[in-house]
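Novice: this is a predicted model, with the sequence first.
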Amino acid sequence: MKHIRLSLPAPYVGLRPFTENESLLFFGREPQVRELLAKLERRQRFTAVLGASGSGKSSLVRAGLIPALHRGALHAPAGSDAGPPCRWNVCTFQPGDAPLANLANALSEDPRWADNSEHADAVSSLAAMLGTSPLALAELYRQKAAAFEGQSLLLVVDQFEEIFRYRQRNPDEADDFVALLLRSASEALPIYVVITMRSDFLGNCVTFHGFPEAINSGIYLTPRLAVEQIKSVIVSPLTLAGGSIDPVLANRMLNALTGDDELPILQHALLCMWQRASSQGRSEIDADDFNAICAPRQGSVGSAEGGAGATPGPTLSNAIDNHASAIHEALSAEQRRIARQVLLSLVERHEGRDVRRPQTLRELRQLLPENEHADLHAVLDAFRAESAGFVLPRAGRAIGDDDLIDISHESLFRQWQLFRDWLDEEDLDVSELREWQRRATRWQAEGGDWLDDNDRRRAERWRTRVQSRVHPETWTTRYEGPDAYALVDAYIQGSLEWHRKAAEGAQALQQAKESAQRSSRKSHMAIAGFGIAVVTTVIVAWFGWQASAAKLKADEQTQFANAEKLKADELTHILTAKQLATTSEQLGKDNPDQSLLIALSVHKLGLNTKTDVKLRWKKTAGIFGWEKADGLLRSAKADYAYSHVLRDHEGEVLSAQFSPDGKTAITASKDNTARLWTVDSGKPSHILCHSAPVRSAQFSPDGKTAITAGDDHTARLWNVDSGKLLHELKGHEGWVLNAQFSPKGDTVLTASDDRTVRLWDVDSGHQLRVLLGHGSWVQSAQFSVDGTTIVTASNDNTARLWMVDSGKRSRELKGHKDSVVSAPLSPDGKTAITTSGDKTAQLWEVNTGALLYTLEGHTDSVVSTHFSPDNKSPLTAVTASHDGTARVWTVNDGKVSSHVLAGHDDWVVNAQFSPDGKTAITASYDKTARLWDVASGRALPVLRGHEDWVVSAQFSPDGKTAVTASADSTARLWDVASGRQLEELRGDDGELLNAQFSADGKSVLTTSEKGTVRQWPCDSCRPIEEIAAEVTRRVGRELTDQERERFGIPTPQPGKN
């Protein structure tokens, strides 16, 4: 079939609002036009047309109400009480950055409002006059009444929300402008005011005196279109132009609309599809057009139909992103940089919301050197082309210095992912500019400190980033004035020099020390003879000690032989634990059978003194095959037995984790590596290398993949079986503090001190989203249970909720006055809790971002919080604070109650629930952990025994055992029911950082400040029958009935295993 190119006028307008001249293409809003006319007919002089961005409010007024008035829809004579006159003088404008001047310019389009001077002079004179009094416009109308006889004046103030941004810089003129509008509409004159405003700015109206009352009496909420009305928007303009659309496709598009920006998205997609069909000589839009225009861009994830992880399909929302990205990619590298700077200058973030900020061409030129002005025009022409319509004025005429350049619709920066990223990056850069300027100003005025090393790195990254994107001096002038960059640059450079000189000084000092040490070697040689004498004395003393030890050994063997004749429960009364431990040490070498049986006896008796526990762990560890192949106990140099010492790291271990199946462990260290370990052997299976310290390491849900996060600005994905590097995730500009898999394991998130969180596809390693918006480093980030939402907590005093599919920041949880430490989600994902240094925790509704409750009562920083895991009503959470208490909070029937868990004498650093939610455990710097009844807040046993800070406390998976880790170099196992200490796990590795159970509860993993990781058997968590079976296997024979009776082991029943 031969294609014939058609030359039909475009039946769709794209992103920009409809104009009065396009009223013939404006379908679907006929009922709303009649409702607005009725308001004017009732002499309602002030009308506020409100609606969400993208609801069509501007087009309703411009292409619906105004043409209807010009067509004579109202017929009453001018000035009569029956209603407004039939002829209208309409002035349409936006407040922009000069609301009075823009009003004067709109009025001056009609020569009756201007004097005989040049247009520019007339506008300036009229603007000055309008600013003299709220009555100025009314008085001017009275003066010119004869010229306007039979006509009413209608002022249409579009995009009224711009005035709130403008008022931040010029409050007096903004107040004068609003007062002028209100007073003009209240005079006994045919002056009418209609404003259009985004409904999310409704709360800002209290800024102006009398404005909320005017809004309340004249509000008109723009309704969403019904299905048939939207169908008319799709079909009718095309029919009018002589074209058609596949009915199945039309219904598919109707069903795909989601509510957010639905009308501008629909208009732009239809315009692009019509252009494609028309270019091929077709008058019908079909499914091929839809698929071509709305297919997802490479690297995008999710869809309206599939969600995260689904194969992306064509969606209407892709049309804007695809088109704008294609225009951007067609520009040269220099033009792309200019496009970023220019488009960002047309938008301003006001109280977390982005609003348009029209600029004259002259103002845009001032952002760039003269040699880039030609590229500026090329960029503007590309984005305002008739086929795109992303920037105004529309293509078709040259633009002059005084022409206003504007974004055609807010949906451009909401639906174009790259533009969204730019805005978030700009917000971060401006926030950092103000931080460095504040500190530089203090340094200049008071001689304050230079930046510390961490802040210096951040400042250098910021300076490099800004210099690569914009001309720094002109960029900083927009936000902080003309001298801001010079001051900040000097401060950063001074800090850099200070650190360089400090490093040179430290190096010189070290060299001096080494030189002094070399010079002193001769004097060391002079005392060598004295050293030999000392060594000889020590050797002689050692032989004397050996003789004494031999006698002690013989005595203890005699004691043990006598003890064998007694019942097992008499051992605790006849032998001290120390004697038994020392005797068994030798027995383990000479008689392993008896040694193992004694260990089993101690397990059954449950001896609870400190030394007895040492004994039991010493012997029991030998039973389970975690010792050498010959089954002997460890040497006397090891006070306590442990299964494996994971010693290969050369720096502090920052995290350790078991794999889901418990067969592998992964550790992350400051030695620039993460390591995979085989649990059975305790040997490293693979070394996973970074070029800087590794902050965290985690397994995927299926245990097949690992993710590591490093100070080298990367995260890395690894195959667990082979240790092979799968993907290096590059993009962060700072340390990657944390990396986490989604519940399905198909996506990972990374959080960085560059203030961003990034999402990555596991299979390809491609970056999917950059979550920008935090003003400081991100302390934590986690997926919701269903993987659809991410919650982040930041040092900028906020937490934020993000939609995984789109990367949009759905909610900002703003209310804390200090850093947000953590922000976990409830088990059902409906509630988030944030904790902060401001001494409070706050509960938030995830769907709306609404603050539900502020949990007050702590008198110092709240450092930890957890929800009860039972996922039952009422909602329960526990918080831990540096005020020495924890609190259990319960939300029931809209009321909050709490129990104070008081008793510690120092900071409480951790608080957790047991798996059934009935018990809580707290860890404190007072050297204890404590158990608590959740329902009543009643204190249960105090877990005493540690000799230094308790840094962590955790329940076993079955909730029957707890493990604590302490700065005293030990971890300890406790029976939850009785509070009795079961085991002490000591490794002489310095302060412990953490202790955690494996998924099956049979092992404990401890990490220490010295970089040692140990995996311990949790024998007290194993049934005695299981231990007996292991003993039988190890000694190579069945236990006798007498041995079973003696050690309390049930005799197997015939026919049963």
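Specialist: Yep, it's here.
Novice: which SS state does Gln996 fall under?
Specialist: Taking DSSP: H, G, I helix; E, B strand; the rest coil as the rule, one finds Gln996 in the strand state.
Novice: in contact with it, which residues?
Specialist: Ala656, Gln657, Phe658, Ser952, Gln954, Val963, Val1004, Leu1005 (Cβ atoms under 8 Å, 6 or more residues apart in numbering). Where you see a C-beta, it was placed from the backbone N, CA and C, and this is true even at glycine.
Novice: for Arg169, same thing?
Specialist: Applying Cβ under 8 Å, 6+ apart, one finds that Arg169 lies in contact with no residue.
Novice: helix/strand/coil for Leu985?
Specialist: Following three-state DSSP, we place Leu985 in the strand state.
Novice: which element is the closest residue to it other than its chain neighbours on?
Specialist: Residue nearest to Leu985 in three dimensions, not counting chain neighbours: Ala971, with 4.3 Å by Cβ to Cβ, 6 or more residues apart in numbering. Here Ala971 sits within strand 970-975, counting by DSSP states H and E.
Novice: pairing partners for that strand, with directions?
Specialist: The sheet places strand 970-975 alongside strand 961-966 (antiparallel), strand 981-986 (antiparallel), with pairing taken from DSSP bridges.
Novice: so which of the contacts of Gln996 comes closest to Glu348?
Specialist: Checking those against Glu348 with Cβ to Cβ, the nearest one is Gln657 at 44.7 Å.
Novice: and the closest one, how far from Ser998?
Specialist: When distances are taken as Cβ to Cβ, to the nearest Å, Gln657 and Ser998 turn out to be 10 Å apart.
Novice: how about Leu851?
Specialist: From Leu851 across to Ser998, the span is 39 Å (Cβ to Cβ).
Novice: for these two, work out which one has more neighbours and name it.
Specialist: Under the criterion of other Cβ atoms under 10 Å, the comparison of Leu851 against Ser998 puts Ser998 first, with 22 against 14.
Novice: hmm, that one is touching Val1004, no?
Specialist: Yes: assessed by Cβ atoms under 8 Å, Ser998 is found in contact with Val1004 at 7.4 Å.
Novice: pull out the buried residues from the strand holding Ala971.
Specialist: Thr970, Ala971, Arg972, Leu973, Trp974, Asp975 (16 or more other Cβ atoms under 10 Å).
Novice: ok, stretch 241-254 next?
Specialist: For stretch 241-254, the buried set under the neighbour-count rule, 16+ other Cβ under 10 Å, comprises Ala241, Gly243, Ser244, Ile245, Asp246, Leu249, Ala250, Met253.
Novice: okay, and which of the residues you listed map to strands?
Specialist: With strands identified by DSSP state E, the entries of these that belong to them are Ser244, Ile245.
Novice: tabulate the buried residues of stretch 241-254 (a markdown table), appending distance to Leu931.
Specialist: What follows is those, written out as a markdown table (distance: Cβ to Cβ, whole Å):
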| residue | distance to Leu931 |
| --- | --- |
| Ala241 | 76 |
| Gly243 | 75 |
| Ser244 | 74 |
| Ile245 | 69 |
| Asp246 | 68 |
| Leu249 | 64 |
| Ala250 | 65 |
| Met253 | 60 |
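Novice: what sits against Asp260?
Specialist: For Asp260, counting by Cβ under 8 Å, 6+ apart, the contacting residues are Gly54, Arg414.
Novice: what does Pro482 give?
Specialist: If a contact means Cβ under 8 Å, 6+ apart, then Pro482 has Glu473 as its contacts.
Novice: name the element it belongs to?
Specialist: Since the elements are taken from DSSP H and E, Pro482 ends up inside neither a helix nor a strand.
Novice: circling back: now, among the buried residues of stretch 241-254, which is nearest to Ile285?
Specialist: Of all the buried residues of stretch 241-254, the one with the least separation from Ile285 (Cβ to Cβ) is Ile245, at 4.4 Å.
Novice: could you measure the spatially closest residue to that closest one that is not a sequence neighbour against Gln275, distance?
Specialist: In this structure, Ile245 finds its nearest non-sequential neighbour in Ile285, 4.4 Å apart by Cβ to Cβ, 6+ apart. Ile285 sits 10 Å away from Gln275, taking Cβ to Cβ as the criterion.
Novice: kindly report the same for Thr132.
Specialist: The separation that Thr132 has from Gln275, given Cβ to Cβ, amounts to 50 Å.
Novice: which SS class is the spatially most central residue of the chain?
Specialist: The residue at the geometric middle of the chain, judged as the C-alpha nearest the mean C-alpha position with Cα atoms, centre = their mean, is Thr792 (3.0 Å). Secondary structure, three-state DSSP: Thr792 is strand.
Novice: go on, the one 10 residues further on?
Specialist: In three-state terms, and counting by three-state DSSP, Trp802 is strand.
Novice: what is it paired to in the beta sheet?
Specialist: In this structure, Trp802 has the following beta-bridge partners (DSSP bridges): Ile790, Arg809.
Novice: neighbours of it, how many?
Specialist: Applying other Cβ under 10 Å, we find 23 residues neighbouring Trp802.
Novice: can you pull the pLDDT of it?
Specialist: The predicted local confidence for Trp802 comes out at a pLDDT of 89.
Novice: what about it, distance to Asp796?
Specialist: According to Cβ to Cβ, Trp802 stands 15 Å off from Asp796.
Novice: same check, this time on Thr477
Specialist: From Thr477 over to Asp796 the distance is 25 Å, taken as Cβ to Cβ.
Novice: neighbour-wise, which of those two wins?
Specialist: For the pair Thr477 and Asp796, the greater number of neighbours falls to Asp796 (21 against 16), based on other Cβ under 10 Å.
Novice: helix, strand or coil for that one?
Specialist: For Asp796, the reduced secondary structure class is coil; criterion used: three-state DSSP.
Novice: give the contact list for it.
Specialist: The neighbours of Asp796, taking Cβ under 8 Å, 6+ apart as the test, are Ser431, Arg755, His774, Gly775, Ser776, Ser819.
Novice: narrow the residues you listed to those in helices?
Specialist: Ser431 (DSSP state H).
Novice: can you pick the most crowded of the contacts of Asp796?
Specialist: For these, neighbours were counted by other Cβ under 10 Å; the highest total belongs to His774, with 30 neighbours.
Novice: domain map for the protein?
Specialist: Here the chain is described, according to automatic domain parsing, as comprising the domains 29-221, 227-321, 438-512, 553-641+1025-1047, 773-856, 862-1022.
Novice: rewinding a little: would you reformat the contacts of Asp796 as JSON lines and include pLDDT and distance to Gly218?
Specialist: Listed next are the contacts of Asp796 as JSON lines, based on pLDDT from 0 to 100; distance: Cβ to Cβ, whole Å:
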{"residue": "Ser431", "pLDDT": "84", "distance to Gly218": "38"}
{"residue": "Arg755", "pLDDT": "84", "distance to Gly218": "43"}
{"residue": "His774", "pLDDT": "84", "distance to Gly218": "39"}
{"residue": "Gly775", "pLDDT": "79", "distance to Gly218": "38"}
{"residue": "Ser776", "pLDDT": "80", "distance to Gly218": "43"}
{"residue": "Ser819", "pLDDT": "86", "distance to Gly218": "44"}
